[in-house]
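Colleague: sharing a sequence plus its predicted fold:
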Amino acid sequence: RTLHLRMERHSANAAAVVELLQDHPAVSRVLYPGLPSHPGHEIAAAQQRGFGGIVSLELAGGAPAARTLMESVTLFCPAESLGGVESLINHPATMTHASMPPDVQAAAGITPGLIRLSVGIEDPADLVADLRAGLAKLA
């Protein structure tokens, strides 16, 4: 009964997170269907009322940066599951896709610096502050 409310919040919070990530010097790429640069943006815009809460980002510092960010955030909990009401962070190369050889990961777009976020419904200012503090440790 609350799905529509939760999805609105997931989308709004993800948009706030994406705003931070887009211009951050530690982030080399942001993948989010709400961005016009995303390959699926036009389809998502036509088929959806929002763009959801899943955000992927590529850290310029590769695996060491990913490890640092994973260890530095406090509101984003490390988890392989995505899509709960709480904010989660995932490093696919060492978590969900760890059993794949590096060349197969690379072919699938799983790079050592790839991070996936499932942005929850917490206060957006808190989520942005948590990521900003974690990313500051990469400078």
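Modeller: Noted; the coordinates are in hand.

Colleague: quick one: the helices in this structure?
Modeller: 3-22, 41-47, 62-72, 102-107, 124-136 (DSSP state H).

Colleague: so who does residue 76 touch?
Modeller: Residue 76 makes contacts with 87-89, 117, 127, 130-131, 134, as judged by Cβ atoms under 8 Å, 6 or more residues apart in numbering. Every residue, glycine included, has its C-beta placed from N, CA and C.

Colleague: top of the residues you listed by neighbour count?
Modeller: The most neighbours of any of these, using other Cβ atoms under 10 Å, belong to residue 131, which has 28 neighbours.

Colleague: now the least confident helix or strand in the chain by mean pLDDT: buried residues?
Modeller: None of the helices or strands of the chain scores lower by mean pLDDT, DSSP states H and E than helix 41-47, at a mean of 88. If you call a residue buried by 16 or more other Cβ atoms under 10 Å, then helix 41-47 has these buried ones: residue 44.

Colleague: kindly report the same for stretch 93-110.
Modeller: 93, 96-97, 105, 110.

Colleague: among those residues, list the two that are farthest apart in space.
Modeller: Greatest spatial distance among the buried residues of stretch 93-110 (Cβ to Cβ): 96 and 105, at 10.3 Å.

Colleague: how about residue 92, what does it touch?
Modeller: Going by Cβ under 8 Å, 6+ apart, residue 92 touches 105, 110, 114, 116.

Colleague: quick check, nearest of these to residue 42?
Modeller: For these, the nearest to residue 42 is residue 116 (22.3 Å; Cβ to Cβ).

Colleague: for that closest one, which residues count as its bridge partners?
Modeller: Beta-bridge partners recorded for residue 116 (DSSP bridges): residue 56, residue 90.

Colleague: that one and residue 82, how far apart?
Modeller: Applying Cβ to Cβ, to the nearest Å, the value for residue 116 to residue 82 is 7 Å.
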